[in-house]
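> I would like to see how this sequence folds:
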Amino acid sequence: MTAPPPFVTTLRARRETVRLGTPNGAAFTLRVELPEQWDVVRIVAPPNERVLAVKVAALAVLDPRADVREFVIKINGREVLDEQRSVSDVGARDGSIFLITHRRRRPVR
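Next up, the predicted model:
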């Protein structure tokens, strides 16, 4: 019997879950938010998955026309400067929340 996903990953998230890699054992269920769109996606990834892969997969669902280079990804309020690091290396664990936002502030119209 598999454990249910962490509660935080189910709040106002899309129904579908994006699966990355081939988690043979442990897998993290991550919440990825795009505040400019007021949207959330749930991603299941192995702990050794790269942060860049999480960012690309989330943007593909949340904003398919977005240029990945124009966005930054944050965890615990800090920007992940090296997106080639694994999600576990940047401090993520099951139920962690990543935030994707524009690299530069945008004017309010």
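> Please make it C-alpha for all contacts and neighbour counts, starting now.
Will do.
> what helices or strands is the helix or strand of the chain with the lowest mean pLDDT leaning on?
Lowest by mean pLDDT, DSSP states H and E among the helices and strands of the chain is strand 17-19, with a mean of 82. If you count contacts as 3 or more C-alpha pairs under 8 Å, 6 or more residues apart in numbering; DSSP states H and E, strand 17-19 packs onto strand 39-45.
> Okay, now the sheet partners of the next helix or strand after the least confident helix or strand of the chain, with direction.
Scanning forward in sequence from strand 17-19 by DSSP states H and E, the next helix or strand is strand 28-34. Partners of strand 28-34 in the sheet, by DSSP bridges, are strand 39-45 (antiparallel), strand 97-102 (parallel).
> Can you name the residues in contact with the next helix or strand after the longest one?
In other words, strand 39-45. Next in sequence after strand 39-45, counting helices and strands by DSSP H and E, comes helix 51-62. Helix 51-62 has contacts (C-alpha atoms under 8 Å, 6 or more residues apart in numbering) with 18, 20, 32, 34, 37, 39-41, 43, 45, 66, 68, 73, 83-87, 100.
> List the buried residues in helix 51-62.
Neighbour counts using 16 or more other C-alpha atoms under 10 Å place 51-59, 62 of helix 51-62 among the buried residues.
> do stretch 35-42 as well
Buried residues in stretch 35-42 (16+ other C-alpha under 10 Å): 40-42.
> just stretch 80-94 next, same as before
Neighbour-count burial for stretch 80-94, counted by 16+ other C-alpha under 10 Å, picks out 80, 83, 86-88, 90, 92, 94.
> Distance across that stretch, terminal residue to terminal residue?
For stretch 80-94, the separation between the terminal residues is 18 Å (C-alpha to C-alpha, to the nearest Å).
> Now find how far off-centre it is within its chain.
Computed by C-alpha atoms, centre = their mean, to the nearest Å, the separation of stretch 80-94 from the middle of its chain amounts to 10 Å.
> Please compare the buried residues of stretch 80-94 by their distance to Phe28 and name the closest.
Taking C-alpha to C-alpha as the measure, Phe28 lies nearest Asp94 of those, at 4.4 Å.
> so what's that closest one closest to, chain neighbours aside?
Using C-alpha to C-alpha, 6 or more residues apart in numbering and skipping the chain neighbours, the partner closest in space to Asp94 is Phe28 (4.4 Å).
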